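In: structure here, sequence nowhere to be found:
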Ligand SMILES: Nc1nc2c(ncn2[C@@H]2O[C@H](COP(=O)(O)OP(=O)(O)OP(=O)(O)O)[C@@H](O)[C@H]2O)c(=O)[nH]1
Ligand SMILES: [Mg+2]
């Protein structure tokens with residue numbers, strides 16, 4: 001749920017970057033941090049081990065002028081992809097307004113991608129959500145590597161749904177399509193918020 005303060009005219013949305021270990025979630029936030037004007041973003045907070053594996057989460061807050069009259073913030077989180085940290089995934093996913101699923105494009109990582117997507121669904125359900133209802137954008141990362149699966153195959157494996165998610169081919173380490181992915185999830189999250197607000201206003205008008 002977005003945090004809306006009508007007196008102070010602020011609204012903030014929580015977006016969580018999920019996906020299997022080493023798929024490039026932290027690299028996404030590092031690139032967003034590097035590319036955005038320091039005035040429009042916070043510092044990047046990372047809790048990682050000596051080997052740069054995310055231990056708890058990464059966090060970055062960015063400002064946007066997306067909603068007229070409101071100071072809008074997007075709080076970006078990553079979760080560790082290692083399965084041993086499932087409790088963390090569950091915790092960070094709470095109150096999420098949107099998800100970026102970062103898939104590793106390498107052929108030998110496809111089982112891990114599918115398991116991560118299933119773990120995401122299970123954890124969303126614990127929070128009263130599901131993959132069918134939460135705004136989600138897919139990112140096929142590491143397209144620069146030689147052993148990547150064709151995008152059509154990834155779409156078949158991960159995005160074979162009645163209403164497919166928007167998907168992007170990316171090279172997060174080099175920053176390619178990182179902002180396009182962020183822009184897309186922000187738009188989907190905002191549209192979903194505006195649709196719910198419109199529904200609420202309509203219900204209030206009917207009740208009055
Ligand atoms: N070649 C290539 N390497 C990448 C790309 N994106 C990330 N990497 C590298 O992959 C490794 C893992 O990236 P991270 O961003 O730490 O992955 P993560 O998903 O946060 O991993 P966990 O926190 O352990 O779940 C790092 O060495 C990155 O530099 C990419 O697009 N291409
Ligand atoms: Mg990480």
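Out: That came through fine. What you see is a predicted model, and the numbers here were worked out from it, not measured in a lab. Ligands and ions are numbered 1, 2, ... in the order given.

In: how about the longest strand seen in the chain: buried residues?
Out: In the chain, ranked by residue count with DSSP state E as the criterion, the top strand is strand 54-64. Across strand 54-64, burial judged by 16 or more other Cβ atoms under 10 Å covers 54, 56, 57, 58, 59, 60, 61, 62, 63, 64. C-betas here are computed from N, CA, C, even on glycine.

In: kindly reformat those as CSV containing pLDDT and distance to residue 86.
Out: As requested, those are arranged in CSV below (pLDDT from 0 to 100; distance: Cβ to Cβ, whole Å):
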residue, pLDDT, distance to residue 86
54, 67, 13
56, 74, 13
57, 79, 13
58, 87, 18
59, 92, 19
60, 94, 23
61, 94, 25
62, 93, 27
63, 92, 32
64, 87, 31
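
In: what about residue 87, helix or strand, and which?
Out: Residue 87 is part of helix 86-93, with elements assigned from DSSP states H and E.

In: ranking helices and strands of this protein by mean pLDDT, which lands last?
Out: Scoring the helices and strands of the chain by mean pLDDT, DSSP states H and E places strand 45-48 at the bottom, with a mean of 80.

In: after the longest strand of the chain, next one along is what?
Out: Trace forward from strand 54-64 with DSSP H and E and the next one is strand 71-78.
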